[in-house]
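Enquirer: Model the following, please.
(4 chains)
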4 protein chains.
Amino acid sequence: MSLRILVWNEGRHEQINPDIAARYPTGIHGAIADGLAALLPDASISTATLDTDEEHGLSADVLAETDVLLWWGHIAHDQVRDDVVARVRQRVLGGMGLIVLHSGHFSKIFIDLMGTTCSLAWRNEGERELVWTLKPSHPIAQGVPHPLVIEHQEMYGELFDIPDPDDLVFMSSFEGGEVFRSGVTFTRGAGKVFYFSPGDEAYPVYFHPDVRRVLANGVEWAAPAPGTALPAVSNPKRGWFAP
Amino acid sequence: MSLRILVWNEGRHEQINPDIAARYPTGIHGAIADGLAALLPDASISTATLDTDEEHGLSADVLAETDVLLWWGHIAHDQVRDDVVARVRQRVLGGMGLIVLHSGHFSKIFIDLMGTTCSLAWRNEGERELVWTLKPSHPIAQGVPHPLVIEHQEMYGELFDIPDPDDLVFMSSFEGGEVFRSGVTFTRGAGKVFYFSPGDEAYPVYFHPDVRRVLANGVEWAAPAPGTALPAVSNPKRGWFAP
Amino acid sequence: MSLRILVWNEGRHEQINPDIAARYPTGIHGAIADGLAALLPDASISTATLDTDEEHGLSADVLAETDVLLWWGHIAHDQVRDDVVARVRQRVLGGMGLIVLHSGHFSKIFIDLMGTTCSLAWRNEGERELVWTLKPSHPIAQGVPHPLVIEHQEMYGELFDIPDPDDLVFMSSFEGGEVFRSGVTFTRGAGKVFYFSPGDEAYPVYFHPDVRRVLANGVEWAAPAPGTALPAVSNPKRGWFAP
Amino acid sequence: MSLRILVWNEGRHEQINPDIAARYPTGIHGAIADGLAALLPDASISTATLDTDEEHGLSADVLAETDVLLWWGHIAHDQVRDDVVARVRQRVLGGMGLIVLHSGHFSKIFIDLMGTTCSLAWRNEGERELVWTLKPSHPIAQGVPHPLVIEHQEMYGELFDIPDPDDLVFMSSFEGGEVFRSGVTFTRGAGKVFYFSPGDEAYPVYFHPDVRRVLANGVEWAAPAPGTALPAVSNPKRGWFAP
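Expert: Predicted coordinates:
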């Protein structure tokens, strides 16, 4: 069965800012989906936004048929319904892959899965970002240059308040001298989570071929194996050595 | 300044079950506090319960003067006020140490800090638990026998649905053959968190001298260094290399 | 290109002990290779032993054409040539997968890659071993029962003196009450390393279908992506931001 | 009993290069020892070099009375005797703390404990280094500014070929845009290991007050608890649950 990918985007910048709408004519979600489609031709890819429907396009039925969810949000985190966030969290713990992008570090779903504030330092002056690979054997790093160069980007800097990741795959520096853990993986329940910071509404980062490679790698890495699930909570009546 | 410790206990079992009240005549919190007092004579130790006051004895003023909080709960997790849980979480992220005990794995504060279900397998048949040290250089393991033997205990077994810990200090086995990550540490924000599973209302585990040693070690390890705090969220106006 | 697997076995027990020769008529390596062949029908599988040739069947040419090497040794670790060990280590750091089995914990190659003594507690009384999955989303755990039950085994117990693993996939208990980190992964350079303890010359463990599943999963996980290599040591003449 | 610290330095640059001798008139070891003495007034601090005696000042008796060893080397790694390296490694695994400095990344002892090549990228053009704290609750980070600024330094860059550290305490950036894991901790056996990269013969880094604070913190963190030792290798005759 082909991989089922859902690209979720808040989708508000594109409605209110003509520059951003011109930069991402099919939405940030559209640019991400196009990049994935080019690299994962067998995948089934769909998109949804905050305004898709009352459930933000994230009904129980939709999530049940999603293997990997990508999440982009920025100015409307608080408008995402709490019950929808709880549903997404439940699916991640049950095995669905989750890729959180850029300003999604402050999304409800990411904070709920991390347990921390997820705050960071930032500055938007169009600096060059260098993304260095720290774990060359990791599936997400395959085919990615060292460093990956993004000419103009918003700066995200440490301290990034997250728990220690399972793997620190990428580390960025910026012209201002800051560093940032820009590619980190986590396991939560039976689900794999990948946070990747490059990508901003003000720069055409999601058209960058190396960034698209990272996202495609991330999706393949985060996809659950067939049948993945947490063991049901159990109360075994006797032990393995008992008579 | 001496270490300021607060032992928090739900405190309901002792009110409704005469056997438990007889086992822990000053409450589970009383037994824990006595154990700490014997090993940490310079510490300032206080206790609170769900019924101490409307804020469960966890007002902002009390938390501001607490270095390490120990948490025991079981049958009334849902009665802990959400705003109090949010306040405790905020203090942990700001540097307060937190030690979560036994059935506290299902407390709101632990689930919020972990991001997972924190579920596990269990069985209560009074089995022998062996607690093995896996990291002998860790401060929490100092002076603890290998294995630490508890003659009668409730079984907690894997899969324990938690994120990968920073350190896996202790690992238990039970007569039934199950294993359990019984002593694990986490960092959340500027705060240190230690979960330790041995300890149950139905067994006198908190009078066990080796268990008391672990708890005293845990408190000393979790205590913040003077002045510990997360960097404030920052938006630096220029970089370190900029003119 | 199909996966190229080399199963290496010391091969001495089979020469000197008729019981073991009867249990493993094509050698321990033969049993392992048969199990892999059944589950990985497209793979190219070969075997070698200490006595294959002067280089123990591990010439530079052979290693250059190996994606994943499995290693079983016990009573002749000291007879493995140091220059061959150095060559294997070099290949692992360059990306070749390595799976170290059972008593291979004391092999030169494992000690060299770990940096520790790799010692453990042991007892051979044919006890039941239960292998519990602690990371159900890990590729190596797919299709493996929880617990995996081995009726008769040598006991390996903590303290297992290894560095903290990347992932603690499996944890075993034994009838005697000991616990053991029985399935652990490491990254060394560009190479992936998996240690799996079940498997002994005195028991038919390598015919166990669930053990065979673990080994096949381990091989697939440890295989390098095409083109995997460590970046060459570099002395860049100028920086990315320099004029 | 006071903390017993031994600062070891290769000590060759100072003999052959007048500039370096002028910069470090009592040797690099002398500058490090002075910095520690100022911050740890109760400690007992001694020094040794490659040429102290035939055993490089690292006899079994000396090591037996050392709690924490600091190691600086660069141009004479190959002149350190293998049997002395094996002795140091044995002591670290038994609990002695080890702090490896700067170009010591290529020392025999560090490579032996890591298992990897420990290679990195480098460039010596006197660039500014910024050392950012990624784990503010870690004992080694207490009292250290964020970032710690070193005006002129040799650049060390990723990929730094080391195993995943226990804790990534510090991360550096350089004017050229490179990043480097400049402060990392490891556990090996019962011993704690801290690698800290700032510090070079060509710059007066070991007189920098913040660098001295890091080294003093590192020594206190790495010191073994009284009685620390690995469990002896054991072959228990019966299990805990056996009759």
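Enquirer: and the angle from the lengthiest strand in chain A to strand D:121-133?
Expert: As assigned by DSSP state E, the longest strand anywhere in chain A is strand A:121-133. Strand A:121-133 runs at 150 degrees relative to strand D:121-133, counting by axes from the mean of the first three to the mean of the last three CA atoms, to 10 degrees.
Enquirer: so does strand A:121-133 get close to chain C?
Expert: Yes - using CB under 8 Å from any CB of the partner chain, we find that strand A:121-133 touches chain C at A:128, A:130. Heads up, the C-betas are built off the backbone N, CA and C, glycines and all.
Enquirer: what does stretch A:92-111 give?
Expert: Yes - counting by CB under 8 Å from any CB, chain C is contacted by stretch A:92-111 at residue A:95.
Enquirer: wait, does that stretch contact chain D?
Expert: No - applying CB under 8 Å from any CB, one finds stretch A:92-111 separated from chain D by no less than 15.5 Å.
Enquirer: so does that stretch get close to chain B?
Expert: Yes - Stretch A:92-111 reaches chain B (CB under 8 Å from any CB) through residue A:93.
Enquirer: Between the two ends of that stretch, how far is it?
Expert: Stretch A:92-111 has an end-to-end distance of 13 Å (CA to CA, to the nearest Å).
Enquirer: Centre of the chain to the longest strand of chain A, how far?
Expert: The chain centroid and the centroid of strand A:121-133 are separated by 18 Å, computed with CA atoms, centre = their mean, to the nearest Å.
Enquirer: So which elements touch that strand?
Expert: strand A:148-157, strand A:167-174, strand A:179-188 (3 or more CB pairs under 8 Å, 6 or more residues apart in numbering or on different chains; DSSP states H and E).
Enquirer: rerun at 7 Å
Expert: Strand A:121-133 sits against strand A:148-157, strand A:167-174, with contacts defined as 3 or more CB pairs under 7 Å, 6 or more residues apart in numbering or on different chains; DSSP states H and E.
Enquirer: Identify the residues contacting the shortest one?
Expert: Which is strand A:167-174. A:127, A:129-135, A:138, A:140-141, A:155, A:157, A:179-185, A:197, B:239, D:158, D:168, D:171, D:173, D:177, D:179 (CB atoms under 7 Å, 6 or more residues apart in numbering or on different chains).
Enquirer: I'd like to check the angle between it and strand D:148-157, please.
Expert: Calculated by the same axes, to 10 degrees, strand A:167-174 forms an angle of 110 degrees with strand D:148-157.
Enquirer: Apart from its neighbours in sequence, what residue is nearest the residue in chain A that chain D sits nearest to?
Expert: Per CB to the nearest CB, residue A:173 is where chain A lies closest to chain D, at 4.5 Å. The spatial neighbour of residue A:173 that comes closest, neighbours along the chain excluded (CB to CB, 6 or more residues apart in numbering or on different chains), is residue D:173 at 4.5 Å.
Enquirer: Measure how buried that neighbour is and give me the count.
Expert: Look at residue D:173: counted by other CB atoms under 10 Å in any protein chain shown, it has 34 neighbours.
Enquirer: Could you tell me how far it is located from residue A:149?
Expert: 15 Å (CB to CB, to the nearest Å).
Enquirer: Show me what from chain A comes close to chain C.
Expert: Applying CB under 7 Å from any CB of the partner chain, one finds that chain A approaches chain C through A:95, A:128, A:130, A:135-137, A:139, A:142, A:146, A:175, A:187, A:190-192, A:225, A:228, A:230-231, A:240-241.
Enquirer: In strands, which of those residues appear?
Expert: Per DSSP E, the subset of the residues of chain A next to chain C in strands is A:128, A:130, A:187, A:191, A:192.
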